[in-house]
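Chemist: Give me the fold of what follows.
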Amino acid sequence: MTEGSPEVVATTPIKVPKFPIILTLSTGEKILHTKCRQIKEITPAVRTLAQTLESYLKEHQDDHPRPIGLAASQVGKSIRIFSFVVGTDSNVLTVINPELIYEKKQHFVIETCLSIPGKSFMIKRGKIVKIRGMLVDGSIHTFKGHGLLAQLFLHELNHLDGITIDSVGGEILR
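Modeler: The predicted structure is shown next:
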């Protein structure tokens, strides 16, 4: 059938998933600069937020630049949770109450951020990072990241601490 065909009748409403609006420095500066609070209990609301973060990352895998991490503060929630893309296969994990265990061998990297669109920053980050946090099922895990994954962990931890890359790095002018 084509558009406008009289045979097309909407009988059941279609539920369209709502993806969050990513806060930018101009639209959500206060929450982006606020330290997020610990999650005391994994409630249905926390699970829903985890699904929202994961869905956003999965749905935007063909974007340029491709988002690989998203913190709750970037969608207006001041709690310690972030999601990230695992490898190149688009699997996504969510970490609740993440904490840095260690950071080793710092070097300079270039970073971008969904909350500061169109800008890049030179930042000193660890080459090897280990974090610990809880998955949505309540299990505690440690994650070791090298290179880009280490950079991602530090970037998202910064978001949860109210730190944006413009305050820790130098903008690269194009």
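
Chemist: Do you have the strands of the chain handy? List them.
Modeler: 69-71, 81-86, 91-111, 120-134, 140-146, 170-172 (DSSP state E).

Chemist: Output the lowest mean pLDDT helix or strand found in this protein.
Modeler: strand 170-172 (a mean of 81; mean pLDDT, DSSP states H and E).

Chemist: which stretches of this protein have low pLDDT?
Modeler: Scanning the chain for pLDDT under 70 picks out the ranges 1-19, 174.

Chemist: Mind naming the longest helix for it?
Modeler: Using DSSP state H, we find that the single longest helix of the chain is helix 44-59.

Chemist: Pull out the buried positions in it.
Modeler: When burial is assessed from 16 or more other C-beta atoms under 10 Å, helix 44-59 yields the following buried residues: Val46, Leu49, Ala50, Thr52, Leu53, Glu54, Ser55, Tyr56, Leu57. (C-beta placed from N, C-alpha, C; glycine too.)

Chemist: before we move on, what about stretch 22-36?
Modeler: In stretch 22-36, counting by 16+ other C-beta under 10 Å, buried: Ile22, Leu23, Thr24, Gly28, Ile31, Leu32, Cys36.

Chemist: returning to what we had before: so which of the strands of the chain gets nearest Leu160?
Modeler: Closest approach to Leu160 among the strands of the chain is made by strand 69-71 (5.7 Å; C-beta to C-beta).

Chemist: In terms of secondary structure, what does that closest one contact?
Modeler: With contacts taken as 3 or more C-beta pairs under 8 Å, 6 or more residues apart in numbering; DSSP states H and E, strand 69-71 sits against helix 44-59, strand 81-86, helix 148-160.

Chemist: picking up where we left off before, and the contacts of the longest helix of the chain?
Modeler: Applying C-beta atoms under 8 Å, 6 or more residues apart in numbering, the contact partners of helix 44-59 are 17, 19-20, 22, 39, 67-70, 72, 75, 77, 79, 81-85, 90, 92, 94, 96, 136.

Chemist: Among these, name the buried ones.
Modeler: Buried by 16+ other C-beta under 10 Å: 20, 22, 39, 67-70, 72, 75, 77, 79, 81-85, 92, 94, 96, 136, out of the contacts of helix 44-59.

Chemist: Switch the helices and strands packed on strand 69-71 over to a markdown table; also include distance to Tyr102.
Modeler: Below are the helices and strands packed on strand 69-71 laid out as a markdown table (distance: least, C-beta to C-beta, whole Å):
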| stretch | distance to Tyr102 |
| --- | --- |
| helix 44-59 | 25 |
| strand 81-86 | 18 |
| helix 148-160 | 10 |
